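Enquirer: return a 3D structure for these sequence lines:
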Amino acid sequence: MGVAAGRSVGGAVQRNRAKRVLRAAMQPLLERIKPGHDLVLIARQGILASGSPQAHGVLERLLQRAKLI
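Expert: Residues are numbered from 1 along each chain as shown. Okay, the predicted model is just below:
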């Protein structure tokens, strides 16, 4: 799993926070992902307004729709 955040998210502090939020939201889901898949998560500015629990729910739904969990 790779996590990226572009300059549109904000300065370095905001980009690092966005990446930390995504990593924390994804951590409990990693064991449930089917093997043989690589993921790249790209942070957008809206992640800063939400927290890790909300991001976790969104990621879980996206992975279910993609049939990866």
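
Enquirer: count the neighbours of residue 13 for me.
Expert: A count of nearby residues for residue 13, using other CB atoms under 10 Å, gives 8. To be clear about C-beta, it is placed using only N, CA and C from the backbone, and glycine gets the same treatment.

Enquirer: secondary structure element for residue 42?
Expert: strand 40-43 (DSSP states H and E).

Enquirer: what does that strand rub up against?
Expert: 1-6, 9, 15, 18-19, 21-22, 26, 59 (CB atoms under 8 Å, 6 or more residues apart in numbering).

Enquirer: what of stretch 7-21?
Expert: With CB under 8 Å, 6+ apart, stretch 7-21 has contacts from 3-6, 43-45, 47-48, 50-52, 55.

Enquirer: need the buried ones from the residues you listed selected in PyMOL.
Expert: The PyMOL selection below is limited to those of the contacts of stretch 7-21 classed as buried (16 or more other CB atoms under 10 Å):
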select buried, resi 3+5+43+47+48+52+55
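
Enquirer: the residue nearest to residue 53 when sequence neighbours are not counted in helix, strand or coil?
Expert: Leaving out its chain neighbours, the residue that sits closest to residue 53 by CB to CB, 6 or more residues apart in numbering is residue 25, at 7.7 Å. The three-state assignment at residue 25 reads helix, by DSSP: H, G, I helix; E, B strand; the rest coil.

Enquirer: pretty sure residue 25 is touching residue 50, no?
Expert: No: judged on CB atoms under 8 Å, residue 25 makes no contact with residue 50 at a distance of 9.3 Å.

Enquirer: since that was my last question, I'll sign off now.
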